[in-house]
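**Student:** Prediction below, plus the sequence it came from.
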Amino acid sequence: MNIAKLEQKLLAAGRARSADERVPFAFEKRVMARLPRRQPADGGAAWARALWRAAVPCVAVAVGLCALALSLQTGAPHQPTLSEELETAVYAALDYPETPW
């Protein structure tokens, strides 16, 4: 398909149509007058708005996970954590007396 030929056909079809009288008087001038008044998009404001909107669901998820962790922890016996096991292994050498070499 030839893009240039298609473009020419579309432009010819658009020029062949008569102007529609239903468009209000000076409509294009009113539209063009509003364009310069638009402020450029501020990326920082968009990020701040998105982060504030995401803050509430994040807090809700954190509270839910804390409640779940507390409910699961109450019935289980104490299991040593990795840091406790590491500390026990490191300090185990201090419990033995020195060898007389």
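**Tutor:** That came in fine, so what should we check first? Numbers count the residues shown, from 1 in each chain.
**Student:** what's the helix or strand for A41?
**Tutor:** Taking DSSP states H and E as the definition, one finds A41 inside no helix or strand.
**Student:** Give me the number of neighbouring residues for P36.
**Tutor:** 6 (other C-beta atoms under 10 Å). All C-beta spots, glycine's among them, are computed from the backbone N, C-alpha and C.
**Student:** now V23
**Tutor:** 9.
**Student:** try A45
**Tutor:** Look at A45: counted by other C-beta under 10 Å, it has 9 neighbours.
**Student:** ditto for the one 3 residues further on
**Tutor:** Counted with other C-beta under 10 Å, residues neighbouring A48 total 11.
**Student:** and the gap between it and A55?
**Tutor:** A48 sits 11 Å away from A55, going by C-beta to C-beta, to the nearest Å.
**Student:** A45 now?
**Tutor:** Here the criterion is C-beta to C-beta. By it, A45 lies 16 Å from A55.
**Student:** cool, G44 as well?
**Tutor:** 17 Å.
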